[in-house]
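# pasting the sequence and the predicted model now:
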Amino acid sequence: MTTIDQYDFSNKRALIRVDFNVPLNERMEVSDETRIKAAMPTVQLILEKGGSVVLMSHLGRPKSGPEAKFSLRHVKPALEKLLGKEVKFAENCIGEEANKLSSGLKAGEVLLLENLRFHKEEEAGDEFFAGRLAEHGDCYVNDAFGTAHRAHASTTIVARFFPKDKMFGHLVAGEIESIDKVLNSDEKPVLAIIGGAKVSSKITILESLLPKVDRLIIGGGMAYTFVKAGGGKIGNSLVEDEYLETAAELLKQAEAQNVSVYLPEDTRIADEFRNDASTDVCPTDTIPDGWMGLDIGPETVKRFEEVIGSSKIILWNGPMGVFEMDSFAQGTISIAKALVVATEAGSFTLVGGGDSVAAVNKYGLAERVSYVSTGGGAMLEYLEGKELPGIAAIREG
Ligand code: AMP
């Protein structure tokens, strides 16, 4: 498969699907440039290699047709600042004006197209629409991992028009490489740390990880369903009673597959779901009625730190407690810090999934783990072993 490192971009127009779905403030300025910055290595490399660039993305969820608040024009100033050059803008991602701009591009120039989702054909994966997008490029680069699990026109269908000239950008290549490193590692032990609110949303990933890992830490709200399934008393903690059997079955499967499972031994409990609630610490299987577990306790933190410190490959998805409230953030902070220590000692650490990524960013630790995945849903589906349409479209043929 061709990568952007090998491809000859000189005097070619690269049509790049990026993820510029960024937050805007009330003045319609980009309030977090992370995603734009993440696309820069790919864009810069293509420009350095003598190509020109046509950038396409979605922004927000426009309902039917163009809406000013979802215009990608708002992203242009931030993009120009990061690139250090002027960027041309097409008011519509397809059509005469856009074609005139893209066909007139000279080496080193950049064109940004208006929001793809102003056309319903984008999400419908319409082939005719994809063909009109394809007119803007001599080659196609997919650098939007966050939408790789969708078979949209710009993420998947458009690749058909470039049978020999399609490739992944650095961002997508990095995501695939990092997840593959966890899934197909020769190094051991491999540890997955899964937290967050619900067993129901993580059960598929837990099941698909079992054959791939040696150790599994289960934390966050979902741990209480496992503790209750094992006969523990969990007071008023979050629980999914309809998943008790599933949880018990998963623990059995783990044992059969020689996976060591670590559940929280102790828990920080609260009498109300509030930052200023009364709190205490108790064993996770004897939480008094009227109290709920909102974070892992100090003994658990120590135990989890040891497990992390002695693992070689570590995947983390989902917080250990209600980290949005400072009183219950300590468990999540400790895990993030333990990951940094493990990274410094030579382990490979991958953080993925909205809330754990938010946590490492909040504590300023994102640069100190091996890889932070940008694609929440896409990453989970890839970990679950599903074939992502956007990735398959580049690999096929
Ligand atoms: P998820 O989106 O499934 O990864 O869940 C993340 C959410 O789980 C965060 O908003 C946390 O506040 C929440 N969470 C973590 N631990 C607990 C807990 N012990 N009780 C209730 N919610 C929790």
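That came in fine, so what should we check first? Residues are numbered from 1 along each chain as shown.
# so where is the protein shaky, pLDDT-wise?
Counting by pLDDT under 70, the chain contains low-confidence residues at 1, 354.
# what residues are up against the residue in it positioned nearest to the ligand?
Nearest to the ligand, among the residues of the chain, is Gly196, at 2.5 Å (CB to the nearest ligand atom). Bear in mind the C-beta positions are built from the backbone N, C-alpha and C, glycine included. When contacts are counted by CB atoms under 8 Å, 6 or more residues apart in numbering, Gly196 touches Lys202, Gly220, Gly221, Met222, Asn317, Gly318, Pro319, Gly353, Asp355.
# is it fair to say Phe54 lies in a helix?
In this structure residue 54 is Val, not Phe. No. Going by DSSP: H, G, I helix; E, B strand; the rest coil, the assignment for Val54 is strand, not a helix.
# that one: how many residues sit nearby?
27 (other CB atoms under 10 Å).
# surely it meets Leu15?
Yes. Between Val54 and Leu15 there is a contact at 4.9 Å, judged by CB atoms under 8 Å.
# which residues do these two both contact?
With CB under 8 Å, 6+ apart as the test, Val54 and Leu15 both reach His136, Gly137.
# from the contacts of Gly196, which land in helices?
Among these, the members falling in helices are Lys202, Asp355 (criterion: DSSP state H).
# so which of the contacts of Gly196 also contact the ligand?
Restricting the contacts of Gly196 to those near the ligand by CB under 6 Å from any ligand atom leaves Gly220, Gly221, Gly318, Pro319, Gly353, Asp355.
# my guess is the fifth one contacts Glu381. True?
No. Using CB under 8 Å as the test, Gly353 is too far from Glu381 to be in contact (11.7 Å).
# name the residue in those two with the higher neighbour count.
Gly353 (25 against 17).
# and Ser260, how many residues sit next to it?
Ser260: 14 neighbours (other CB under 10 Å).
# for stretch 132-151, which positions count as buried?
132-134, 136-151 (16 or more other CB atoms under 10 Å).
# narrow the residues you listed to those in strands?
Cys139, Tyr140, Val141, Asn142 (DSSP state E).
# close to the ligand, is the helix or strand where Glu299 lies?
Secondary structure from DSSP states H and E places Glu299 in helix 298-309. No. Helix 298-309 lies out of reach of the ligand by CB under 6 Å from any ligand atom, never closer than 12.1 Å.
# domain map for this protein?
13-168, 175-383 (automatic domain parsing).
# okay, those domains in JSON lines with distance to Pro389 next?
Below are the domains of the chain laid out as JSON lines (distance: least, CB to CB, whole Å):
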{"stretch": "domain 13-168", "distance to Pro389": "4"}
{"stretch": "domain 175-383", "distance to Pro389": "10"}
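# which element is the residue nearest to Gly137 when sequence neighbours are not counted on?
Closest residue to Gly137 apart from its sequence neighbours, by CB to CB, 6 or more residues apart in numbering: Leu15 at 2.7 Å. Using DSSP H and E, Leu15 falls within strand 13-17.
# give the buried residues for the helix or strand just after that strand.
Next helix or strand after strand 13-17 toward the C-terminus (DSSP H and E): helix 34-48. Within helix 34-48, the residues that count as buried by 16+ other CB under 10 Å are Arg35, Ile36, Ala38, Ala39, Met40, Thr42, Val43, Leu45, Ile46, Leu47.
# as TSV, the residues you listed with distance to Thr284 would be great.
Putting the buried residues of helix 34-48 into TSV (distance: CB to CB, whole Å) gives the following:
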residue	distance to Thr284
Arg35	38
Ile36	42
Ala38	38
Ala39	43
Met40	45
Thr42	45
Val43	48
Leu45	49
Ile46	52
Leu47	54
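# out of the residues you listed, flag the one nearest to Pro163.
Nearest to Pro163 out of those is Ile46 (CB to CB; 19.7 Å).
# ok, the closest one touching Phe9?
Yes. Using CB under 8 Å, Ile46 makes contact with Phe9 at a distance of 5.0 Å.
# I'd like the ones in strands among the buried residues of stretch 132-151 laid out as TSV, including distance to the ligand.
Formatted as TSV, those follow (distance: CB to the nearest ligand atom, whole Å):
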residue	distance to the ligand
Cys139	37
Tyr140	33
Val141	31
Asn142	26
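# what would those residues look like in JSON lines with distance to Glu367?
Shown next, in JSON lines, are these (distance: CB to CB, whole Å):
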{"residue": "Cys139", "distance to Glu367": "32"}
{"residue": "Tyr140", "distance to Glu367": "31"}
{"residue": "Val141", "distance to Glu367": "25"}
{"residue": "Asn142", "distance to Glu367": "25"}
